[in-house]
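[1] Just a sequence and a predicted model for now, questions to come.
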Amino acid sequence: MSTHTVVNPATGQPVTEVPSTSVEETDVLIERAADAFPVWRDVAPGERARLLRRFASVVDDHVDELAELEVRNAGHTVANARWEAGNVRDVLNYYSAAPERLFGRQIPVPGGVDITFHEPLGVVGVIVPWNFPMPIAGWGFAPALAAGNTVVLKPAELTPLTAIRIGELALEAGIPEGVLTVIPGKGSVVGERFVTHPLVRKVCFTGSTEVGKGIMRGCADQVKRVTLELGGKSANIVFADADLEKAAASAPYAVFDNAGQDCCARSRILVERSAYDEFLERLETAVRGMKVTDPADPDSEMGPLISAQQLENVSGYLDGARVAFTGSAPDAPGFWMAPTVLLADDPAARIWREEIFGPVVAVMPFDGEDEAVRLANDTEFGLSGSIYTSDLGRALRVSRGIEAGNLSVNSHASVRYWTPFGGFKQSGLGRELGPDAPNAFTEEKNVFIAND
Ligand code: NAD
């Protein structure tokens, strides 16, 4: 059997070998998930809810173990990794309320009664990237399972360990065999099979825009349902009337968290010209103060990049760029890079247009609200963004003007599992999380019953 070597990005050392599942083995597991579907669909709503709550509780018992695995596998800081494992627990708990609340409607019609049902789809394929292995897996499987589907889940080749462990914890919690199946392997083999296998009724993909477009094309062949969560190049807009101290203190965390490998990274900072110098000065202090250290250190605020390849790709963006200042990074083996702030004046430059997916941010001045919105929207992406201002009217006008799915005012946080998450334009298709997520894993069925 072929395997993939998992590497610790903080040291460059191998951690373990993980099997690369073949197409034939993938087919067997998809068929098993299809066999498990009618059984899981017919588990009474209250019982399905109870099993999901038990799954959440077993994850809770293993938060430290899962976090430790993620530190070693993905180089996430231990504080982030604990939050991520806790997020899987919380999302399971949140959607455990859904089976008992999967309401249809009764619609007034002449001649009888009309009611709607939300029917589960069958097998759902969830494809996960390497940047947030645990949360992104949970955002797919928790609402899908709650709605009565079975799930096959493919973690990224680089970061399969926590997903494999979560699959084991599901069984431990009493989720029946075949209901949640984790299938490690290559995107071009396992992921591609989710797209082409007729028993997989929906693909939930998170990853690069380029691969996402191919998945959407592939799904068209079977009119397969598809959700895409793709790249971003989000703007952090700082107006002169903002609390500049707060805006500058939070800006590094808005982009350098997870070493910038975050689809919501605010990797373009737009600063109103009259506040530009003061903001940059304060930003420099904040960036230099970031603790970029061994991710297992509880105080670490940023770890390494995921791989040597990623380090090379990201470093490539610095060629010819104007570096304003950088933070620090350990001079050690592993894929380390210091947080880097670039000065930008050309909206056509690669550093301003492309998703760098590393600890690099570009800063540009603007004049007035209209220009801020125009510059923020001058991108094919539209995932998230922040607006720093003390003027409520302006905060609302700019929020409504920006073409992006998830905005924060005077905050850099993007994802809350209670609220819908997804992208405008080429950042994605469909929404995850929030109260409506289980419905996205169902078909709405209408039934008319004649009263004569
Ligand atoms: P990627 O597109 O290379 O891979 C994502 C997943 O797709 C992996 O599991 C991979 O194995 C699989 N895959 C690759 N080729 C495939 C194919 N032909 N068919 C089916 N599956 C295939 O992305 P990545 O490098 O792992 O992740 C980084 C990207 O993900 C960034 O662009 C980032 O912005 C994006 N991202 C988006 C969100 C969001 O919610 N919008 C969240 C996290 C990451």
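    Received it, and whenever you're ready, just let me know what you need.
[2] CA atoms for contacts and neighbours, from now on please.
    OK.
[3] Which other helices and strands does the helix or strand containing T285 contact?
    Element membership of T285 [criterion: DSSP states H and E] is helix 276-288. Under the contact definition 3 or more Cα pairs under 8 Å, 6 or more residues apart in numbering; DSSP states H and E, helix 276-288 sits against helix 244-256, strand 322-326.
[4] how about the ones you listed in CSV, adding mean neighbour count and mean pLDDT?
    Putting the helices and strands packed on helix 276-288 into CSV (neighbours: other Cα atoms under 10 Å; pLDDT from 0 to 100) gives the following:
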stretch, mean neighbour count, mean pLDDT
helix 244-256, 22, 98
strand 322-326, 15, 98
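[5] Can you say which of these is nearest to the ligand?
    Closest to the ligand of those is helix 244-256 (Cα to the nearest ligand atom; 12.3 Å).
[6] hmm, the closest one touching the ligand?
    No. Helix 244-256 does not reach the ligand (Cα under 6 Å from any ligand atom); its nearest approach is 12.3 Å.
[7] Stretch 289-308 now?
    No. Against the ligand, stretch 289-308 shows no contacts by Cα under 6 Å from any ligand atom, the least distance being 9.8 Å.
[8] Centre of the chain to that stretch, how far?
    On the basis of Cα atoms, centre = their mean, to the nearest Å, stretch 289-308 is displaced by 20 Å from the centre of the chain it belongs to.
[9] now swap in stretch 247-265 and tell me
    Here the centre of stretch 247-265 is set off from its chain's centre by 14 Å, with Cα atoms, centre = their mean.
[10] Now the terminal residues of that stretch, how far apart.
    End-to-end distance for stretch 247-265: 15 Å, by Cα to Cα, to the nearest Å.
[11] which outside residues touch the helix holding T285?
    Residues from elsewhere that reach helix 276-288, judged by Cα atoms under 8 Å, 6 or more residues apart in numbering: 244-245, 248-249, 251-252, 271, 325-328, 339, 365.
[12] if we go to 10 Å?
    Contacting residues not belonging to helix 276-288 are listed as 238-240, 244-253, 256, 270-273, 289, 324-328, 338-341, 343, 363-366 [Cα atoms under 10 Å, 6 or more residues apart in numbering].
[13] For the stretch 51-200 of the chain, what lies in contact range of the ligand?
    Within the stretch 51-200 of the chain, the positions near the ligand by Cα under 6 Å from any ligand atom are 127-131, 154-157, 186-188, 191-192.
[14] now do 5 Å
    Contacts of the stretch 51-200 of the chain with the ligand, taken as Cα under 5 Å from any ligand atom, map to 128-130, 156, 187-188, 191-192.
[15] same check, this time on the stretch 251-400 of the chain
    Residues of the stretch 251-400 of the chain found near the ligand (Cα under 5 Å from any ligand atom) are C263.
[16] swap the cut-off to 8 Å and go again
    Applying Cα under 8 Å from any ligand atom, we find that the stretch 251-400 of the chain lies next to the ligand at 261-264, 355, 357, 383.
[17] Now rank the residues you listed by neighbours and give me the top one.
    Neighbour tally across those (other Cα atoms under 10 Å): the maximum, 30 neighbours, falls on L383.
[18] Where does Y94 fall, secondary structure wise?
    Per DSSP H and E: helix 78-95 holds Y94.
[19] now swap in L153 and tell me
    L153 belongs to strand 150-154, assigned by DSSP H and E.
[20] Now the helix or strand following that strand: buried residues?
    Note on strand 150-154: by DSSP H and E, the next helix or strand toward the C-terminus is helix 161-172. Using 16 or more other Cα atoms under 10 Å as the test for burial, helix 161-172 gives 161-167, 169-171.
[21] which non-adjacent residue is nearest A98?
    Spatial nearest neighbour of A98, chain neighbours left out: A146 (6.0 Å); criterion: Cα to Cα, 6 or more residues apart in numbering.
[22] where exactly do the strands run in the stretch 51-200 of the chain?
    Along the stretch 51-200 of the chain, counting by DSSP state E, counting those that start in this stretch, strands occupy 106-107, 112-120, 123-127, 150-154, 180-182, 200-206.
[23] Save those strands as a markdown table, and put in mean pLDDT and mean neighbour count too.
    As requested, the strands of the stretch 51-200 of the chain are arranged in a markdown table below (pLDDT from 0 to 100; neighbours: other Cα atoms under 10 Å):
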| stretch | mean pLDDT | mean neighbour count |
| --- | --- | --- |
| strand 106-107 | 98 | 13 |
| strand 112-120 | 98 | 17 |
| strand 123-127 | 99 | 29 |
| strand 150-154 | 99 | 28 |
| strand 180-182 | 99 | 24 |
| strand 200-206 | 98 | 25 |
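[24] May I see the ones you listed arranged in a markdown table, with distance to E281 as well?
    Formatted as a markdown table, the strands of the stretch 51-200 of the chain follow (distance: least, Cα to Cα, whole Å):
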| stretch | distance to E281 |
| --- | --- |
| strand 106-107 | 60 |
| strand 112-120 | 54 |
| strand 123-127 | 41 |
| strand 150-154 | 44 |
| strand 180-182 | 47 |
| strand 200-206 | 36 |
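[25] in this structure, which ranges drop under the pLDDT threshold?
    Across the chain, nothing is flagged by pLDDT under 70.
[26] got the domain boundaries for it?
    Here the domain parsing of the chain from automatic domain parsing is 3-230+426-450, 235-415.
[27] residues contacting N87?
    N87 is in contact with 56, 59-60, 63, 81, 93, 134-136, 138-139, 416-417, counting by Cα under 10 Å, 6+ apart.
[28] how does it look with 8 Å?
    Contacts of N87 by Cα under 8 Å, 6+ apart are 135, 138.
[29] cool, and A248?
    Contacts of A248 (Cα under 8 Å, 6+ apart): 279-280, 282-283, 286.
[30] So among these, which ones count as buried?
    279-280, 282-283, 286.
[31] closest to E177 among the residues you listed?
    Nearest to E177 among the buried ones among the contacts of A248: A286, at 49.0 Å, using Cα to Cα.
[32] Please tell me how far the nearest residue to A36 once chain neighbours are set aside sits from the ligand.
    Nearest residue to A36, sequence neighbours excluded (Cα to Cα, 6+ apart): G178, at 5.5 Å. In this view, G178 and the ligand are 20 Å apart by Cα to the nearest ligand atom, to the nearest Å.
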